[in-house]
Structures are given as structure tokens and as C-alpha cells.
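Chemist: Pasted the sequence and its predicted model underneath.
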Amino acid sequence: MGAAEVTAFLNWLATERNVAAATQNQALSALLFLYKHVLCRDLPWLDGMVRAKRAVRLPVVLTESEAKRLLAQLYGVKWLMASILYGAGLRQRECLMLRVKDIEFAYRQILVRSGKGGKDRVAPLPESVVQPLQEHLGRVRQLHQRDLAEGFGEVWLPDALSRKRPRAGYQWGWQFVFPSKNRSAEPETGVIRRHHLYPDTLHRAVKEAARAAGIIKPVSCHTLRHSFATHLLQSGNDIRTIQELLGHSDVTTTMIYTHVMNKGARGVTSPLDRVLAG
């Protein structure tokens, strides 16, 4: 199989099977691995191969009014989590994985550990959630103390930390900020622990809140992160600062939020408006 045959195969995947660009590139990588590492054949045409490009999709962004209406439909822990997604720009998983020790009330910041790409970063802690979050953590601490009294209270730890520090999982600082209501057994070990909230809990709540608020856009938890970045740009923050807050490796990823900076596409005035105004 040469370059022409590989290209034809990838085109067939794209047209006949309608697969995504990532799937086409995965198929190409599998073929290259087969030829180079299994069949041990030279691929002189490899340098000329062009990989499929992912389609660029503009993010769904709420207006400030829509964000306010959406949050008004949420209550309790779900309001608190959604407010952190929008107010700090966290991904849903990052919010779920927050530990008590990662909340810095004195500095008004959140330490995001092992975010996308395994990177740590600092996110702002919104003043609006400080008191509700402190009250929430008071209830979580009572829950943790009850777990300890009942012979439980150990939380899952990352990076084999449980072997290095066997008692760390029982410490208050390592507990999840948003724990599940119920304890459950881990499938691999059978150890009964209290994990964080199930991801679908917040996902469904945000969807229902958007519907109740009369927002017709396709809203998800990630929409709140998109809105965080866009509203910071609109309020005059520089793109490099927002890049750091979002944890993007490349500023071009952050630049996608500039599409709503001006009214109208690219900030142009439609010729229809000029004609009718004249």
C-alpha cells in the first residue's frame, strides 16, 4: 500500500463512513504503526501525507443577562458548582475534583490541580461564592466526621499517594469539596469510599436551568467556561491573562473567544443597515 492507496482509504472513511477528522488520523496512525513497527517497511512517501484537520467550531456563549437568568434557576450545591464554573472558568471535571485544600479563601483563589494536559493553574475565587462555599464546607466537614465515626472517611488519592501516605486519605484537606451523598465501593479494590458527585448531576441541572430560563442556545457546563472567557475579554482583560486562567497551552486556542468582541460578524456593519438608514 502506497501513499495513493492510503489517501484513497482515508477519503473513503471521510465520504462513505462520514467519520470525524480525529478518527481519520487515528486510522492513519494505525497504518503507519503497522508498516513501520510490525512489517518494518520504509515509508518514503510519509512526509507528503496530509492529516485531516478538525473543523473549527465557534463556542456557544451566554450573554451576561442569560448567565444571570440561568444561575437564578439553580439552588444549593448545584448553584454553587455552576457559579464556580462561570465565575472561575473551571471545566466540569476540574470542579468535581476540587479538594478542600485547593480553596484559598485568604487569597481568593482556587488551585486547579492536574487540569487538562496534567497542568496546575490558579483560578479566581469569586467573592459572591465565598460565604456560601464556607457554609457548604461546614456541612461537608460534618459529613466527613460522621464517616470517620462510622469507620469510613477515606477518600481516593491520586498518583499512588495512598501508598506513600496511607493516612492522608482520611485527612480533612484531601476530601472532595463536592462529595457524593452516598458512599460506594470502588470496582477495582472494593474499598468503600465517598467519591465526588456524579458528573451527570450537574450536567442535567444546567440543561434544565437553561430550559427554565428560556435560553434557546445549546447550553452545557462547558458553556459557562466559554462565557467566563468571553465576558473577561469584553470587560477589557488581556488575552494572555485569560489564556493563563483557562490553562491553554497556545494563545490561539484562547483567541477563538474574540469572535463576539464586536457586534456583528467581524464587527462590520451590514450593507442592508446602511441602505435602509440612507
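Modeler: Happy to help now that I have it.
Chemist: what's the residue closest to the geometric middle of the protein?
Modeler: The structure's the chain has its C-alpha centroid closest to Arg91; by C-alpha atoms, centre = their mean the separation is 2.6 Å.
Chemist: show me the residues around that one that make contact.
Modeler: Contacts here follow C-beta atoms under 8 Å, 6 or more residues apart in numbering; on that basis Arg91 touches 85, 115-116, 221-222, 225. (Glycine included, C-beta is placed from N, CA and C.)
Chemist: what comes up buried for the longest helix along the chain?
Modeler: Secondary structure of the chain per DSSP state H: the longest helix is helix 130-149. Neighbour counts over helix 130-149 (16 or more other C-beta atoms under 10 Å) mark 133, 136-137, 140, 144, 147 as buried.
Chemist: How is the protein divided into domains?
Modeler: Domain segmentation of the chain under automatic domain parsing yields 3-48, 59-263.
Chemist: how about CSV for those, with mean pLDDT and distance to Asp273 added?
Modeler: Listed next are these as CSV, based on pLDDT from 0 to 100; distance: least, C-beta to C-beta, whole Å:
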stretch, mean pLDDT, distance to Asp273
domain 3-48, 66, 37
domain 59-263, 92, 11
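Chemist: nearest to Val275, of those?
Modeler: domain 59-263 (18.3 Å; C-beta to C-beta).
Chemist: Please compute how far that closest one lies from its chain's middle.
Modeler: 9 Å (C-alpha atoms, centre = their mean, to the nearest Å).
Chemist: from here on, count from 113
Modeler: With the count now opening at 113, the last piece we talked about shows up as domain 171-375.
Chemist: one step back: residues in contact with the following helix or strand past the longest helix of the chain?
Modeler: Note on helix 242-261: by DSSP states H and E, the next helix or strand toward the C-terminus is helix 273-276. By C-beta under 8 Å, 6+ apart, the surrounding residues in contact with helix 273-276 are 268, 280-281.
Chemist: Mind exporting the C-alpha coordinates of helix 273-276 to PDB?
Modeler: The C-alpha coordinates for helix 273-276 follow below in PDB (Å, rounded to 0.1, in the frame of the first residue of the first chain):
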ATOM      1  CA  LEU A 273      -0.300   8.800  47.100                       C
ATOM      2  CA  SER A 274      -2.200   6.300  49.300                       C
ATOM      3  CA  ARG A 275       0.800   4.000  49.300                       C
ATOM      4  CA  LYS A 276       3.200   6.800  50.200                       C
END
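Chemist: Okay, buried residues for that helix please.
Modeler: Ser274.
Chemist: And for stretch 289-306, what's in contact with it?
Modeler: In contact with stretch 289-306 (C-beta under 8 Å, 6+ apart) are residues 189, 192-193, 207-208, 210-212, 214-215, 245, 248-249, 252, 255-256, 259, 264-268, 281, 288, 307-310.
Chemist: ok, for Asp214, nearest residue in space, not its chain neighbours?
Modeler: Ranked by C-beta to C-beta, 6 or more residues apart in numbering and with sequence neighbours excluded, the top spatial neighbour of Asp214 is Leu223, at 4.4 Å.
Chemist: one step back: against Leu249, how distant is the residue nearest to the centre of the chain?
Modeler: In this view, Arg203 and Leu249 are 21 Å apart by C-beta to C-beta, to the nearest Å.
Chemist: Quick one: the strands in this structure, in order.
Modeler: 215-216, 221-224, 233-236, 296-297, 304-305 (DSSP state E).
Chemist: Tell me which stretches of the stretch 263-390 of the chain form helices.
Modeler: Counting by DSSP state H, counting those that start in this stretch, the stretch 263-390 of the chain has these helices, from start to end: 273-276, 311-324, 333-346, 351-358, 363-366, 383-389.
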